[in-house]
Structures are given as C-alpha cells and as structure tokens.
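>>> Quick one, fold the following:
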Amino acid sequence: MSRYTLGSAFECSGVGLHSGVQTTVRVMPAAAGEGRYFIRVDLPGTPVIPARVDAVSGTTLSTELEAPTGNCTGESHDVSATGDVRVRTVEHLLAALAGSGVDDARIEINGLEVPLLDGSAQHWVEAIANVGIVAGEGQFGNRAAGEDVITRIEVEDTSSAVKLQEPIWVYQGDAFVAALPAPTTRFTYGIDFDVPAIGNQWHSWTPSQESFVDAIAPARTFGLVHQIDQLRQAGLIKGGSLENALVCGKQGWLNPPLRFSNEPVRHKLLDLVGDLSLLGNFPVAHFLAYKASHNLHIQLAKKLAQQVGGRLDS
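Below is the predicted model of the structure:
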C-alpha cells in the first residue's frame, strides 16, 4: 500500500483550548514509513512524541501524548514528574491529517497544546489542501486532498487491508464504543444530552461515500453553559470562547447558527477519528460509539492494537 505525505509545509497559530496559551504548529512532509509525530521545538533537544496509541498519557476532555526525554526536567507543566515531555489536544489535527490521507507528517509545535482554531478540523484540512498531498519517497502517484486514507485502504489494495475478525468493545455504564466486523469502514456515533437543543443525536459516516472534508471536518467542539465555571475552576478550557466553541444552555445555543443540524454528534465522530488515527491505519470495521469519551476511544484503540498487532502501521 502506498504512503502519502504533504506536498510542502504549512503553519497555523492559535490559542489552546485548555491552556489558553498561544502556540504555533508547523506541519511538514515526512519520509515514507515515519508516521505522524510531534516535535517540541521549544524544549531542549527538540524531543519527539509519536502520534501512536501507546504514547497516550491523558484523556481528560482531550487526548494527550507523552514521550520520555532526558533533556527536560519536571519543573514545567509541559513535562511530567518522570521527565516525560507532553503535547495535548492533538485529536483535531490528527483527524484532519488521517481524514485527508496524510500517512506521514512531522508536526513541529512550540508549546504544550495544539491550537483549537475555530474548534473544528476545517482550518487544518484547508491548509492540507493548499499544500497538496504527494506519494512518499520511492512511491508513485500524487492525489488530491480529500481522497481520504480510510477509503484508500479499501480501494487501493484490498488484499492488504486489515479486516476485523471479531467484535471488540469497551463500555462504562451505558456509554460504549465498539468495533464490529464489516465489509466496509464505517463510523456511527450517538449522543444524549439533557438540553433540548442537543437531545439525542446520531450520525453515521461511510468514508467511501462521503468525504471527511465535507461531512465531518467542519463540525465544531461544543460545551454546556452550566459546566463552564466548574471546568475553569479545574484548570480546563482556559482558551475556550464563543469564537472557538459552540455553547449550549437550557434556552438553546448562545452562538448560532450551526453548520449542521446535528453538528455536536458529528464533532464527537471527528474526535473518534482523531483518536483512532493513533493506530497508524484504520482496520476495515464498523466503529460504533454511544455517549463515549476520549478515554473510551483510547481503550478501544489499545484493544485493536493488541488484536491486529503491527499490521496497522504498515
């Protein structure tokens, strides 16, 4: 199966959702087989953090990655007590890369948290489209951004696609996420909130029938009015605002209009794509989630990694 990278580098800057700190991300081409990985260019030794499921260190309202380094100390919030270096809120950028078909990318960042931008993956996929996607070194054939990597796994070389052989699931209470054997890759997500403007929503997306760029990437992150003070007291969502997140109360949305009638559940599906991209490639399966979280997404990804082994990274 061919691998693809960016045609050239691009750069985006913005505020992190939880830290409230301005950071700049430079996304660059990488050699075939290197995968997607972060580099903390603001830290001594410019440590590397792989975008792999075994690097996940936190899942509190975002996905956080961590890697060991001997060049930093635990005195900074950027570094754990054990000296491991971190990067957080990686899911939207990773979803954009995977959904746009970028297998290999070097992501340089000068701070702890990936910028939230408008709360969706739309700016990321637009930046990817602007620089284009090319075959990796020693491989052939350029293609347009938007011909997503998930579809390509199935149509380019069906014999090499990893197909799930038996169901895998994780759950907590009535929340769950599962991967089911299926003839084609599909994602289905459900949410249920006790606010009339959201309520119970479901969305199903089949990459071979509808592009990630159009159907999923524009969906923005969202929050509930009554949770904001509690989250901020916990040191979270310091960078959240009506410019980068949808906010909903009992009386409805504070900052309409929505981009989709079911934009909240589409955003949850976006998060699932970003979290499962940490596998390297997506197995052919029907991914089904209900009221799930980053924590459950990552638990499923770890189970998938154990079942299919290194075949997803090829």
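>>> Isn't Thr5 up against Val134?
Yes - using C-beta atoms under 8 Å, Thr5 makes contact with Val134 at a distance of 6.3 Å. For glycine as for every other residue, the C-beta is placed from the backbone atoms N, C-alpha and C.
>>> joint contacts of these two?
Counting by C-beta atoms under 8 Å, 6 or more residues apart in numbering, the residues touching both Thr5 and Val134 are Pro29.
>>> Can you name the residues that contact Thr24?
By C-beta under 8 Å, 6+ apart, Thr24 lies in contact with Glu11, Cys12, Ser13, Ile109, Asn110, Gly111, Pro115.
>>> any idea which element it lies in?
Element membership for Thr24, per DSSP states H and E: strand 22-29.
>>> about what we covered before: the more surrounded of Thr5 and Val134?
Thr5 (25 against 17; other C-beta atoms under 10 Å).
>>> For that one, pull up the helix or strand it's in.
Going by DSSP H and E, Thr5 is in strand 4-6.
>>> Which SSE is immediately downstream of that strand?
Proceeding N to C from strand 4-6, the next assigned helix or strand is strand 10-15, under DSSP H and E.
>>> Name the residues of that next one that are buried.
Phe10, Cys12, Gly14, Val15 (16 or more other C-beta atoms under 10 Å).
>>> What sits closest to the last one if chain neighbours are left out?
So the one you mean is Val15. Nearest residue to Val15, sequence neighbours excluded (C-beta to C-beta, 6 or more residues apart in numbering): Gly239, at 4.1 Å.
>>> repeat for the third one
Setting aside the residues directly before and after it, Gly14 is nearest to Pro115 in space (C-beta to C-beta, 6+ apart), at 3.0 Å.
>>> The one you found - how many residues pack around it?
For Pro115, using other C-beta under 10 Å, the count is 25.
>>> Quickly note the distance from it to Arg52.
Distance check for Pro115 against Arg52: by C-beta to C-beta, to the nearest Å, it reads 22 Å.
>>> pull the CA atoms of stretch 211-225 into PDB?
Taking Å, rounded to 0.1, in the frame of the first residue of the first chain, the C-alpha atoms of stretch 211-225 are listed here in PDB:
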ATOM      1  CA  SER A 211     -15.600  12.900   2.200                       C
ATOM      2  CA  PHE A 212     -14.200  13.700   5.700                       C
ATOM      3  CA  VAL A 213     -13.600  17.200   4.400                       C
ATOM      4  CA  ASP A 214     -17.200  17.900   3.700                       C
ATOM      5  CA  ALA A 215     -19.100  15.700   6.200                       C
ATOM      6  CA  ILE A 216     -17.000  15.700   9.400                       C
ATOM      7  CA  ALA A 217     -14.200  18.300   9.400                       C
ATOM      8  CA  PRO A 218     -16.400  21.500   9.800                       C
ATOM      9  CA  ALA A 219     -18.100  20.200  13.000                       C
ATOM     10  CA  ARG A 220     -17.000  22.300  16.000                       C
ATOM     11  CA  THR A 221     -16.400  21.400  19.600                       C
ATOM     12  CA  PHE A 222     -19.200  22.200  22.000                       C
ATOM     13  CA  GLY A 223     -19.900  22.800  25.700                       C
ATOM     14  CA  LEU A 224     -22.700  23.300  28.100                       C
ATOM     15  CA  VAL A 225     -23.300  26.700  29.900                       C
END
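>>> gap between the closest residue to Leu164 other than its chain neighbours and Leu296?
Distance criterion C-beta to C-beta, 6+ apart; nearest residue to Leu164, sequence neighbours excluded, is Ala285 at 4.0 Å. Using C-beta to C-beta, Ala285 is found at 16 Å from Leu296.
>>> Also Pro183?
Applying C-beta to C-beta, the value for Pro183 to Leu296 is 25 Å.
>>> beta partners for Phe176?
Tyr171, Tyr290 (DSSP bridges).
>>> How many residues are close by Arg88?
23.
>>> Give me the distance between the residue nearest to it when sequence neighbours are not counted and Gly132.
Of all residues not flanking Arg88 in the chain, Glu64 sits nearest, at 4.0 Å (C-beta to C-beta, 6+ apart). To Gly132, Glu64 is 30 Å away according to C-beta to C-beta.
>>> Settle it for me: which of the two has more neighbours?
Per other C-beta under 10 Å, whichever of Glu64 and Gly132 has more neighbours is Glu64, with 21 against 14.
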